[in-house]
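# attaching a predicted model along with its sequence, questions to come.
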Amino acid sequence: MTGERIVFEGGRVVDPANRTDEVRDVVVADGVIAGPEAMEGADRIDARGLVIAPGLVDLHTHLREPGFEHKETVETGTRAAATGGFTAVASMANTDPVTDHAAIVHEVRDLAAAAGLADVFPVGAITKGRAGESLAEMGEMVDAGVRVFSDDGDTVSNARLLRNALMYAKAFPVEIVLADHAEDASLVEGGHMHEGSNSYAMGVAGRPAAAEEIAVARDLAVARATGGRLHLCHLSSARAVELVRAAKAEGLRVTAEVTPHHLTFTDDDVATYDTNLKMNPPLRTAEDREALREAVADGTIDVIATDHAPHAIEEKESEFDLSLPGTIGLETALGVVLTELVHPGRVSLMRALETMTVAPARILGAADHGGPIEVGRPANLVGFDPDEGWVVETPFVSRARNSAFLGRRLTGRVRFTMLRGTLTVADAKATR
Amino acid sequence: MKEHLLSMHDLTADDITRVLDTAESFREVGTRVIKKVPALRGRTVVNFFLENSTRTRISFELAAKRLSADVINFTASGSSVAKGESLKDTALTLQAMGADAIVIRHSSSGSPLQLTEWVDAHVLNAGDGTHEHPTQGLLDLYTMREKLGRLEGLRVAIVGDILHSRVARSLSIGLVKMGADVTFVGPPTLIPPDATSWGVQVDYDLDGVVPKLDVCYMLRVQKERQRLEFFPSVREYARLFGLSRERAAQLPEGALVMHPGPMNRGVEIASDVADLPHAVIEDQVTNGIATRMALLYLMLGGGGEEGS
């Protein structure tokens, strides 16, 4: 459908890459943003009442393919992404086989290209097999286009290995980012929720906030010692936020992310043993949630990322301690951010969109994504009605349905998503 | 009565008194030659035990049978669960077979609550992981009231691994509701750091606590906790937190020694202490049947919305 001409008329164009927020028409021709001269003969789409922004970029998605196609595939996952307004996602390396070599990188990217729903940027494993024992061959993955490496799901427990990875990554001519899931392994072993008054009363083994604090402090120390480029995945605790704030003030090369669910829920919500609220790191206290919201507002946290973690029904519909951790999030992320942060006035719309577009695109090296919305740029766009209310319910576009947000009412819904000039979502429905 | 019994939190002080009073009247049934009443004739009780527990299962089985209910024992070994069937599917199967009450024992905390989302039957928690064991708590309250005449104002120490004890949770919640004065004693690694918010006191010195007690309630030591470094050795545990003959001698006259069983003689409780007359461990077992009869009766038969 490239070659089509479309003009979105009268939308509020919010473009964090150049910090503009104005009502104007957006013209798309031949897959790129075009000037007014291309309007003639273009299909006209009424965008009044919608916000038009760069297509969202998710820095933390589990697409599960290859290896776990019963949970999600690249096609179903990217369809969910498009439905949620994303044009690019970073797929995590905990596939089977692990994404620790170039062949898997190519496979995942080819599957995404065939589906044509969102660009996928595979994340490479830091260590072979994500086993935490020896470095994966980063060089061939960098050649294959990988810019972010992570053993996500597990912390790189061996500090020497993390140090060497951060140093080794400097060999490459492009900026390589090492992203760590920061929870001290010995403190979280066997744990299923935030350790605190709720876990004690519920008789569930805990994952203390100190586990994150320790791992973040260690990671920052290693980043300081090496000058390496560190990204901290899905922070969950107030003290970890404080450590990152201090590290940034000091000038360390560190970025951090938070998930929509950690910005929404607390461990009080887990008291019903709802397995959809079981995730790693766990949901913590109201004070932690408040610190995370502040950190998004003040820039300490750079990115809101979903940690979209699809699981099969039977993997969640089981005993709390036996169920697998994680929630899906691609289809709800924007609505949650609008509902929890923007509408209550905690975070500006510009700032919220910055954390979901230009900031993750830069970390990912996704030059075509995240804006700016300027003539000549690839037409990767989202249009959403910030005031449309809807209730999160099954079925999802994702193959999975393990959403922490099931039953919640959100305000703000994606109406269209465009990937290089092609509508992947129109009238809030995937087109393919 | 509540539809389900998942936690001691489900019961008010009045509910607890009602259960104990009802148990009192059923206690007499157990002393008859014909130990049976027709209260639950035609009702089906399923003992759904996914964790080994001969004692609690037999106690529930006897309780249901003495009320003339039909009893089905469904245990993990040899069941579909051992073949990989999910908890939900097994629960739906039990439901389809017409269970009126499901008594569940499971190693996973919270599983009885999950069960209530899947089945219409009354659910009784017979011990879920490290969460709660409310029927044990109730039979312990019954035994204390029976032996000491009251619960309000009783000074009770619960000694041992509080953190992982479902018995300690249910019993302490019940005791606090009934106005007793509860102290947790054990190594700090095995006591929830916020335990005082449960309305109890915490002490690490058993010798200082023992002379002031009406009830000394000893918990079973899970020896695998040592592997996880909660305490250095079973020997040191026994020395600091075991009820030795010498410690037991410091108990006030008439104070009770209790234990939910099965005991590790020589670890948390010395063998000769377990056999003392004021150790009422076997009474606890006997009272367990009457207490469980009372609960089944109140929830399924009489006194509930269905009438009797």
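Structure's in. What do you need?
# what sits against the residue of the stretch 101-250 of chain A found nearest chain B?
Relative to chain B, the nearest point of the stretch 101-250 of chain A is residue A:203 (3.2 Å; Cβ to the nearest Cβ). The C-beta positions use only the backbone N, C-alpha and C, and glycine is treated the same way. By Cβ atoms under 8 Å, 6 or more residues apart in numbering or on different chains, the contact set of residue A:203 is B:109, B:110, B:128, B:129, B:130, B:131, B:132, B:164, B:166, B:169.
# please, where are all the strands along the stretch 101-250 of chain B?
Assigned by DSSP state E, counting those that start in this stretch, the strands in the stretch 101-250 of chain B fall at B:101-106, B:122-128, B:155-159, B:181-185, B:201-203, B:215-218.
# hmm, back to that, could you check the pLDDT of the residue of the stretch 101-250 of chain A closest to chain B?
Per-residue pLDDT puts residue A:203 at 98.
# one more: the one 4 residues further on?
In this model, residue A:207 is scored at 98, pLDDT.
# which parts of the chain belong to which domain?
By default, I'm working from chain A. For chain A, automatic domain parsing gives the domain ranges A:5-51+A:376-401+A:410-430, A:54-364.
# ah, I was thinking of chain B
Domains of chain B are assigned by automatic domain parsing as B:8-133+B:285-301, B:134-280.
# pick out the shakiest of those, pLDDT-wise.
Mean pLDDT is lowest for domain B:8-133+B:285-301 among the domains of chain B, at a mean of 92.
# just give the nearest non-adjacent residue to residue A:296, would you?
residue A:347 (5.6 Å; Cβ to Cβ, 6 or more residues apart in numbering or on different chains).
# sorry, back to before: let's have the strands of the stretch 101-250 of chain B in CSV, adding distance to chain A and mean neighbour count.
Putting these into CSV (distance: least, Cβ to the nearest Cβ, whole Å; neighbours: other Cβ atoms under 10 Å in any protein chain shown) gives the following:
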stretch, distance to chain A, mean neighbour count
strand B:101-106, 7, 26
strand B:122-128, 7, 27
strand B:155-159, 15, 23
strand B:181-185, 12, 23
strand B:201-203, 13, 15
strand B:215-218, 18, 26
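# ok, how many other residues are close to the residue in the stretch 1-150 of chain A that chain B sits nearest to?
Closest to chain B within the stretch 1-150 of chain A is residue A:70: 14.9 Å, counting by Cβ to the nearest Cβ. Using other Cβ atoms under 10 Å in any protein chain shown, residue A:70 has 15 other residues around it.
# before we move on, what about residue B:204?
Other residues within reach of residue B:204, judged by other Cβ under 10 Å, total 14.
# quick one: contacts for it?
Contacts of residue B:204 by Cβ under 8 Å, 6+ apart are B:185, B:186, B:187, B:188.
# spatially central residue in the chain, please.
You didn't say which chain, so I picked chain A. Taking Cα atoms, centre = their mean, the centroid of chain A lies closest to residue A:305, which sits 2.6 Å from it.
# the intended chain is chain B.
In chain B, the centroid-proximal residue (Cα atoms, centre = their mean) is residue B:136; its distance is 1.5 Å.
# isn't that residue right up against residue B:170?
Yes. Judged on Cβ atoms under 8 Å, residue B:136 makes contact with residue B:170 at a distance of 6.2 Å.
# need the residues of chain B near chain A, please.
Residues of chain B lying near chain A by Cβ under 8 Å from any Cβ of the partner chain: B:86-88, B:106, B:108-111, B:113-114, B:128-132, B:163-164, B:166, B:169, B:192-195, B:197-198.
# just the ones of the contacts of residue A:203 in helices?
B:166, B:169 (DSSP state H).
# pull the most distant pair out of the contacts of residue A:203.
The span of the contacts of residue A:203, defined through Cβ to Cβ, is set by B:110 and B:164 at 14.8 Å.
# looking at those two, which is more packed in?
residue B:110 (27 against 20).
# OK, contacts around the residue lying closest to residue A:116 once chain neighbours are set aside?
Of all residues not flanking residue A:116 in the chain, residue A:432 sits nearest, at 6.6 Å (Cβ to Cβ, 6+ apart). Contacts for residue A:432 (Cβ under 8 Å, 6+ apart) come out as A:79, A:115, A:116, A:117, A:424.
# now the second one: how far from residue B:164?
Translated: residue A:115. Between residue A:115 and residue B:164 the computed distance is 48 Å (Cβ to Cβ, to the nearest Å).
# hey, C-alpha coordinates of the helix or strand where residue A:222 lies in PDB?
Using DSSP states H and E, residue A:222 sits within helix A:209-226. In PDB, the C-alpha atoms belonging to helix A:209-226 read as follows (Å, rounded to 0.1, in the frame of the first residue of the first chain):
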ATOM      1  CA  ALA A 209      13.100  -4.400  47.400                       C
ATOM      2  CA  ALA A 210      16.700  -4.700  48.700                       C
ATOM      3  CA  ALA A 211      17.400  -7.200  46.000                       C
ATOM      4  CA  GLU A 212      16.800  -4.500  43.400                       C
ATOM      5  CA  GLU A 213      18.700  -1.900  45.300                       C
ATOM      6  CA  ILE A 214      21.700  -4.100  45.600                       C
ATOM      7  CA  ALA A 215      21.700  -5.100  42.000                       C
ATOM      8  CA  VAL A 216      21.200  -1.500  40.800                       C
ATOM      9  CA  ALA A 217      24.000  -0.200  43.100                       C
ATOM     10  CA  ARG A 218      26.300  -2.900  41.800                       C
ATOM     11  CA  ASP A 219      25.500  -2.300  38.200                       C
ATOM     12  CA  LEU A 220      26.100   1.400  38.600                       C
ATOM     13  CA  ALA A 221      29.400   0.700  40.300                       C
ATOM     14  CA  VAL A 222      30.400  -1.400  37.400                       C
ATOM     15  CA  ALA A 223      29.200   1.200  34.900                       C
ATOM     16  CA  ARG A 224      31.300   3.800  36.800                       C
ATOM     17  CA  ALA A 225      34.300   1.600  36.800                       C
ATOM     18  CA  THR A 226      34.100   0.900  33.100                       C
END
